[in-house]
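**Student:** okay, here's the prediction I keep looking at, along with the sequence it came from:
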Amino acid sequence: MSSSKARGQYAKGAERREQIIQTATDVFATEGFEGTALKRVAELVGVKEATLFHYFKGKQELLTAVLTERDKRSLAATGQSDIGLNHMPAIAERNRSEPGLTTLYAVASATANDPGHDSHAYFQERYSVIVREVSADIARRQEAGEVRTDVAAIPLARLVVAAFDGLQLQWLYDKDVDMAEGLRQLTNILLAPGASAPAGGAEDDGGAADAGDSAGAGAPGL
């Protein structure tokens, strides 16, 4: 086989793989990822269901590719290259409009903690990037006096990310949960410049708490 022919076949394979990812992302967003979803993807792409996995090692690799595409689309919708505090409510609203992908994310994240899981590296990298970008935004705001400075940027970023995931999980069980508004309220309360932790731990009218009541006195008032 000539090198030019091989390159042509590789390009066609890469193009078909991308088509499958884009189609699966669209289908999973509204129809979910279980049941007949893969059959529907195959029909739209114009191949047999089994042919989908000529382009992926297995179902989990396809699902991870879909999650990666979901992240790309969410970031593109913000119009920015990095995720900041202001973008998170809008991302939450987008997730609400794509329940199938949001469910896929929750299911995959709950099972991918095993280093041998096909999605483990994806989630590990995703959390690392998000915490880094959100903490960078918080640090800039701290320098500008917009955000509390008694807690470092990275721990604050981790709390915000944890709240995002927690609100999203609650929403999966109760669609009345307003993820976007919850995130706005959290950032207003948690990050407000005046929301500093007590310097001396638990105290009563200026007096030190007794030893039996002060086990948690060193924890910041978050």
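**Tutor:** Structure's in. What do you need? Numbers count the residues shown, from 1 in each chain.
**Student:** which one's the longest helix in the protein?
**Tutor:** Secondary structure assigned by DSSP state H gives helix 3-31 as the longest helix of the chain.
**Student:** where exactly do the helices run in this structure?
**Tutor:** With helices called from DSSP H, the chain shows them at 3-31, 37-45, 59-78, 88-97, 99-111, 120-143, 153-173, 179-190.
**Student:** now the shortest one against helix 59-78, angle please.
**Tutor:** Helix 37-45 and helix 59-78 meet at an angle of 70 degrees, taking axes from the mean of the first three to the mean of the last three Cα atoms, to 10 degrees as the criterion.
**Student:** helix 37-45: how far from the chain's middle?
**Tutor:** Using Cα atoms, centre = their mean, to the nearest Å, the distance from the centre of helix 37-45 to the centre of the chain it belongs to is 26 Å.
**Student:** buried ones in that helix?
**Tutor:** For helix 37-45, burial by neighbour count (16 or more other Cβ atoms under 10 Å) applies to 37-38, 40-42, 45. No exception for glycine: its C-beta is placed from N, CA and C like everyone else's.
**Student:** returning to what we had before: so can I have a markdown table of the helices of the chain showing distance to Phe53 and mean pLDDT?
**Tutor:** Putting the helices of the chain into a markdown table (distance: least, Cβ to Cβ, whole Å; pLDDT from 0 to 100) gives the following:
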| stretch | distance to Phe53 | mean pLDDT |
| --- | --- | --- |
| helix 3-31 | 10 | 82 |
| helix 37-45 | 9 | 94 |
| helix 59-78 | 7 | 92 |
| helix 88-97 | 27 | 93 |
| helix 99-111 | 17 | 93 |
| helix 120-143 | 18 | 95 |
| helix 153-173 | 28 | 96 |
| helix 179-190 | 34 | 92 |
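**Student:** I'd like the ones you listed as JSON lines, with distance to Thr51 appended.
**Tutor:** Formatted as JSON lines, the entries for these read as follows, by distance: least, Cβ to Cβ, whole Å:
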{"stretch": "helix 3-31", "distance to Thr51": "9"}
{"stretch": "helix 37-45", "distance to Thr51": "7"}
{"stretch": "helix 59-78", "distance to Thr51": "12"}
{"stretch": "helix 88-97", "distance to Thr51": "30"}
{"stretch": "helix 99-111", "distance to Thr51": "22"}
{"stretch": "helix 120-143", "distance to Thr51": "24"}
{"stretch": "helix 153-173", "distance to Thr51": "32"}
{"stretch": "helix 179-190", "distance to Thr51": "37"}
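**Student:** quick check: Lys39 vs Asp114, distance?
**Tutor:** Separation of Lys39 from Asp114 (Cβ to Cβ, to the nearest Å): 28 Å.
**Student:** mind listing what Ala139 touches?
**Tutor:** Contacts for Ala139 (Cβ atoms under 8 Å, 6 or more residues apart in numbering) come out as Ala153.
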